[in-house]
Structure formats: structure tokens, C-alpha cells
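Enquirer: sequence plus predicted model, see below.
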Amino acid sequence: ANEHKHYKKPVVCNEVVFNFLDDKDADYVNKKNIEDVLKSHQLYPKGMLMNNVDTRKIESLISENNFIKEVQCYKSIDGKFCIDIKQRKPVVYILPENAMGYFIDEDGDAIPNTNYASNLVTVTGCIDSVYAQKELSKVGNILKNDEFWNNQIEQIHISFDADGKRVAEFVPRVGNHIVY
């Protein structure tokens, strides 16, 4: 029998393509951040045989970044390794009394503080996580999506009045007055 076997030439990854599927405001993670993490774990695919590139392992590692909402990796037949990334979008920074600060994203989910400096409105005072995720995320979304108010308000301080009701004090970026 005259059998012809076709051996495919092994494909080497010749390019890593990053697709950030976000609007321009989402800049918490960039190409270099991800490249550095992949390289430090010996998972950066460029130069590797495509058969040896572990797509799931790379997705899992990238997903460990708190600012990543979704990641999907795939290989193309021409040697490209593609990474599609959706970032979480913080809308406020929460700094409760006697606790570590954290971000709340547009969906009301908490993002642990990773020493990321931001220009978001900071909310201080008597804040529990339920109040932050349910109420303050709404306020944060309103401010983040309204250029005028986002440029006006720098801080919100939450306290309780004599009747035990929550009071919000809005501290403007300009001037020395407080709005209740």
C-alpha cells in the first residue's frame, strides 16, 4: 500500500494581538501589564509552538487581575495568538472608616484596592459594603456619565444624623463649601 502522510509543519506564534473591547475610559489594564504577567509566568506565547500554548492557562492568569471583567484567548491559523479583554470600569473609590479602601465598578461589584491611583470621586465615612454596592454605585455611575457633575464633585462623605438617617455631604473640587 502506498500511503501518503501529510505532516503539518509546526506553527510558531509570531504575534500576540491584544484587543481591548472597551471604551477609551477603561485604562486600568494595558498591553504591557499583561505581557509582564505572562512573561513572569513563562506563558508569553510569542516564539512558542502553537501546540504548546495553553490558552486556558493564559486566560486564567489574566483573569486574576481585579480590573479584568472578561478575557478570551484564541489562536489563528497564521500564527497569531489573540487576547480579547473587557475591563471592569470603576465608578467610585470607597474609603470606609477603619477599613481598607476599594473600588465599586459600574455593575456595583467591589474591586480590591491594588494601589491604583484614580481620579474617581472618593466616598468616605460610615459605609458598609451593601450600601456601597447598591446605592453608591448608582451615584458613581451618574457622576461618571455626567461630565459636568463628574468635574464638580471630588468627595462624598457619608454620616448619620441625630435620627439615624444617612446624610451625604458633597465636597466640590473647587471652592471651600459643602453641599448636603
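Expert: Perfect, thanks for sending it. Numbers count the residues shown, from 1 in each chain.
Enquirer: next structured bit after the host helix or strand of I58?
Expert: Element membership of I58, judged by DSSP states H and E, is helix 55-63. Beyond helix 55-63 in the direction of the C-terminus, DSSP H and E gives the next helix or strand as strand 68-75.
Enquirer: now that next one: buried residues?
Expert: 68-69, 71, 73, 75 (16 or more other CB atoms under 10 Å). All C-beta atoms are positioned from the backbone trio N, CA, C, and that covers glycine.
Enquirer: pull the most distant pair out of these.
Expert: K69 and K75 (22.3 Å; CB to CB).
Enquirer: so what's the residue nearest to the spatial centre of the chain up against?
Expert: Against the mean C-alpha coordinate of the chain, by CA atoms, centre = their mean, the closest residue is F67 at 2.1 Å. If you count contacts by CB atoms under 8 Å, 6 or more residues apart in numbering, F67 has them with 28-29, 87-88, 90, 111, 114, 116.
Enquirer: by mean pLDDT, flag the weakest helix or strand of the protein.
Expert: Ranked by mean pLDDT, DSSP states H and E, the weakest helix or strand in the chain is helix 147-152, scoring a mean of 86.
Enquirer: list the neighbouring strands of the following helix or strand past it plus their orientation.
Expert: Using DSSP H and E, the helix or strand that follows helix 147-152 towards the C-terminus is strand 153-160. In the sheet containing strand 153-160, its partner strands are strand 121-125 (parallel), strand 166-172 (antiparallel), by DSSP bridges.
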